[in-house]
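Asker: take a look and give me a structure for this.
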Amino acid sequence: ASSSSSEEKKFCSNHRYHLKLPAHLECHETVKAGRTIVCTTAIRKGNVALAADCVAHTIHYRFKDRTCENCFRFASSSAEDEVVVTLSHPCPASCGVHFCSVACYTAGIGRHEAVCGLLCEVNNNNKKDKNGVKKKKSNHNSNAMMTALSLLMSMSSHPGDNDRQRSIMDELLIMVKDSSPKVRRESMAAENKFRQLKHHAKALLEQKGIYAAALSTKNLNAIGIYNEYGEEIGFVLSPVIAMVNHSCLPNCEQLLTQGGVCNLIALRNIEIGEELSWSYVSMEGSDMDRKETITSNWQFVCRCPRCCGADCAAFDAQHTCFCGAICEMVDRETGECVCNPSTID
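Answerer: Okay, the predicted model is just below:
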């Protein structure tokens, strides 16, 4: 265990990063907030301040049979739903992955085929032990391992050779890592199991610890995928969006669109030299609850205007949804949540 940790630390300390940002944005290093994204051109309210692809994603195991692998649409459970979504195009290998349309199947099957054999292998391993005996119902630990393996499959499913795969890892390792002993231990266990799988369609990266290092970014950087019922059905990793800092009084709203493109929409006019920000948390509950959530999940103390005592009533009236999420505009007449359906256009 100690040698794995030292190799991972050595890899991370030697890493050099670069960001693919649009011309109107720059990445700056700050003393208090670390890396941050700053505007070099003014952005008007309602415009897209930043759009970035997700580099990796996973759908939680219990939602896989109800979620499109490409656009993340959630299958409707009732014919009364406003938009009926059916997953009519399953993977021919019966690995448990589904697509909601011909367009999504065509767009997503290429990346999926690169890891389909791995997914079938993991599914079979989970059903029976090494003696062929059917396993008991999965527990939290096995679900966590499934999530980790699914994420590693997504990371390695991009088309291209080893240089391309290394480039993907370089992007992921831009993000802040959770260096706690528990996370390092679990990440290395997942990497070891991933390397032991037999159905890899591509050669694995040789450097030991590289997959564990990439996995260690998920706790502090994952962006949730939510269905229309407010349930988190999975999450994505977008290194560019991860560089944008949190504020409880943000100037952007984060929207995840079909295919895993993360958009930051300007909630107001953003001036030259101003830092982009979005809220990592719901505004439901007390200020103390919100601060505790931020400290617990992201390991920093928020010092935004809201947390320092600014009057936020006007912002809340216009931008805080009834579920507690930050939205571009809230319909106060219906009294209904408007943010979850809008996350997938």
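Asker: please enumerate the strands of the stretch 201-345 of the chain.
Answerer: Counting by DSSP state E, counting those that start in this stretch, the stretch 201-345 of the chain has strands at residues 223-226, 232-237, 245-246, 252-257, 261-266, 277-278.
Asker: out of those strands, deepest packed?
Answerer: With neighbours defined as mean count of other Cβ atoms under 10 Å, these peak in mean count at strand 277-278, which reaches a mean of 23. All C-beta atoms are positioned from the backbone trio N, CA, C, and that covers glycine.
Asker: what strands flank that one, and is each parallel or antiparallel?
Answerer: Looking at strand 277-278 with DSSP bridges, its partner strands are strand 245-246 (parallel).
Asker: what's in contact with the strand it pairs with?
Answerer: With contacts defined as Cβ atoms under 8 Å, 6 or more residues apart in numbering, strand 245-246 is touched by 33-34, 36-37, 275-281, 294, 298, 300, 302, 304.
Asker: how about 7 Å then?
Answerer: Ala33, Thr36, Glu275, Ser277, Ser279, Tyr280, Ile294, Cys302 (Cβ atoms under 7 Å, 6 or more residues apart in numbering).
Asker: make a markdown table out of the residues you listed and add distance to Glu121.
Answerer: Output for the contacts of strand 245-246, formatted as a markdown table (distance: Cβ to Cβ, whole Å):
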| residue | distance to Glu121 |
| --- | --- |
| Ala33 | 43 |
| Thr36 | 41 |
| Glu275 | 45 |
| Ser277 | 42 |
| Ser279 | 40 |
| Tyr280 | 35 |
| Ile294 | 39 |
| Cys302 | 43 |
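Asker: using TSV, lay out the residues you listed together with distance to Asp161 and pLDDT.
Answerer: Compiled in TSV, the contacts of strand 245-246 are given as follows (distance: Cβ to Cβ, whole Å; pLDDT from 0 to 100):
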residue	distance to Asp161	pLDDT
Ala33	37	76
Thr36	34	90
Glu275	37	94
Ser277	38	94
Ser279	39	92
Tyr280	36	92
Ile294	40	92
Cys302	42	88
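Asker: pLDDT below threshold where in this protein?
Answerer: Across the chain, the ranges flagged by pLDDT under 70 are 1-18, 77-84, 128-141, 331-345.
Asker: what's the closest non-adjacent residue to Val122?
Answerer: Leu149 (5.7 Å; Cβ to Cβ, 6 or more residues apart in numbering).
Asker: what is the neighbour count of the one you found?
Answerer: Using other Cβ atoms under 10 Å, Leu149 has 24 neighbouring residues.
Asker: just the CA atoms of the host helix or strand of it, as PDB, please.
Answerer: Under the criterion of DSSP states H and E, Leu149 resides in helix 140-155. Output of helix 140-155 as PDB, limited to C-alpha atoms (Å, rounded to 0.1, in the frame of the first residue of the first chain):
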ATOM      1  CA  HIS A 140     -22.400  -0.500  -0.500                       C
ATOM      2  CA  ASN A 141     -18.800  -1.600  -1.100                       C
ATOM      3  CA  SER A 142     -19.600  -3.600  -4.200                       C
ATOM      4  CA  ASN A 143     -21.700  -0.700  -5.600                       C
ATOM      5  CA  ALA A 144     -18.800   1.700  -4.900                       C
ATOM      6  CA  MET A 145     -16.500  -0.600  -6.800                       C
ATOM      7  CA  MET A 146     -19.000  -0.800  -9.700                       C
ATOM      8  CA  THR A 147     -19.100   3.000  -9.900                       C
ATOM      9  CA  ALA A 148     -15.300   3.200  -9.900                       C
ATOM     10  CA  LEU A 149     -15.000   0.500 -12.600                       C
ATOM     11  CA  SER A 150     -17.700   2.200 -14.700                       C
ATOM     12  CA  LEU A 151     -15.900   5.500 -14.500                       C
ATOM     13  CA  LEU A 152     -12.600   3.900 -15.500                       C
ATOM     14  CA  MET A 153     -14.300   2.300 -18.500                       C
ATOM     15  CA  SER A 154     -15.600   5.700 -19.500                       C
ATOM     16  CA  MET A 155     -12.200   7.200 -19.200                       C
END
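Asker: list the buried residues in the helix or strand following it.
Answerer: Sequence order places helix 162-172 as the next helix or strand after helix 140-155, per DSSP H and E. Residues Gln165, Ile168, Met169, Asp170, Glu171, Leu172 are the ones in helix 162-172 that count as buried (16 or more other Cβ atoms under 10 Å).
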